[in-house]
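In: have a look at this prediction, sequence included:
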Amino acid sequence: MSRRTRILTGLVVTAVLCGTYLWFFGVQTFFALEARNIARQIPVVKKEPVELPDLSISRAVEKKLSYFGYEFEVPWDDVDEAKSRIIGGNKAIIAFHSGNVLSVWIGSPHDFVNAVLSSGKIDRDTFRQIYGDEALQSDYSFHRIMLGTTPGQITPFIPKRQAISRSMLLLMKGISAPMGADSGIFLVRTGDFNGFQFGRPQGSSRGFSVQLYSESCSLDFIFGQKVNGSTIISQPDVNLILQTIHKVPSQESSADLSSKNLRD
């Protein structure tokens, strides 16, 4: 066999191998490379939910606050009533004289999934086929699937359908990640609620948040901490708020800025 024939044969074999690889693994390879690119631009997509390392609860109970049919305790007694307010009937902004701010939102347990479906880019049946029935049950179920998706799970050798669905989840994870998530995503359980804490109290100067879900509603807590403020929010402080959340009878709850000082 002449040198030219050997070269041509080698080129043909290489072309056949490359074509075969692209036929079977080309789509997956594209999405695997894209997942690495997303991870470089949005590092939070590499995070997975883990258990909270600190489950201790603050003993400095100062006030009970009640909003939207739920009551919880806070370890601070310096609520700034003049700056605190209700917005739109579903959001409370609670300001403190220390400069810290706690925002509380109430919503449906299906707001996120409904927003994805209402975008017009995917219908319910297609959504179910791609992500399964569990993802449609609630925002919490879908978030467990979405937040558990990482770039390392998207490789050239998984089925095409998985590569596409996981890439979509990864992109949604990066776009929807709340502030503070870069410093960690943690599993939270309290009473009737399950959810996630995005960030550590000491891990983000911009603040951090907690998203909770029950069968009847969702509650979002956003903690804004003043840099170099007089009151530093700690994980035990957060745990106190979360572990004391409970539903109150409708006649006892109000949508105004009601608070009960435990010292009275």
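Out: Arrived safely, thanks for sending.

In: find the nearest non-adjacent residue to residue 201, please.
Out: Once flanking residues are discounted, residue 201 sits nearest to residue 233: 4.7 Å by CB to CB, 6 or more residues apart in numbering. For glycine as for every other residue, the C-beta is placed from the backbone atoms N, C-alpha and C.

In: try residue 91
Out: Setting aside the residues directly before and after it, residue 91 is nearest to residue 105 in space (CB to CB, 6+ apart), at 5.0 Å.

In: now that neighbour, what's its secondary structure?
Out: Secondary structure for residue 105, judged by DSSP: H, G, I helix; E, B strand; the rest coil, is strand.

In: burial check on it, number of neighbours?
Out: The local packing of residue 105 (other CB atoms under 10 Å) involves 20 other residues.

In: now do the contacts for residue 161.
Out: Neighbouring residues of residue 161 by CB atoms under 8 Å, 6 or more residues apart in numbering: residue 130.

In: which element is it on?
Out: helix 160-176 (DSSP states H and E).

In: check residue 73 too.
Out: Following DSSP H and E, one finds residue 73 within strand 70-74.

In: equivalent analysis for residue 27, please.
Out: Residue 27 belongs to helix 3-41, assigned by DSSP H and E.

In: so after that helix, what's the next helix or strand?
Out: Once helix 3-41 ends, the next helix or strand along the chain (criterion: DSSP H and E) is strand 50-51.

In: gap between the residue nearest to residue 201 and residue 46?
Out: 26 Å (CB to CB, to the nearest Å).

In: quick one: which of these two has more around it?
Out: More neighbours surround residue 233 than the other of residue 233 and residue 46, with 24 against 16 (other CB under 10 Å).
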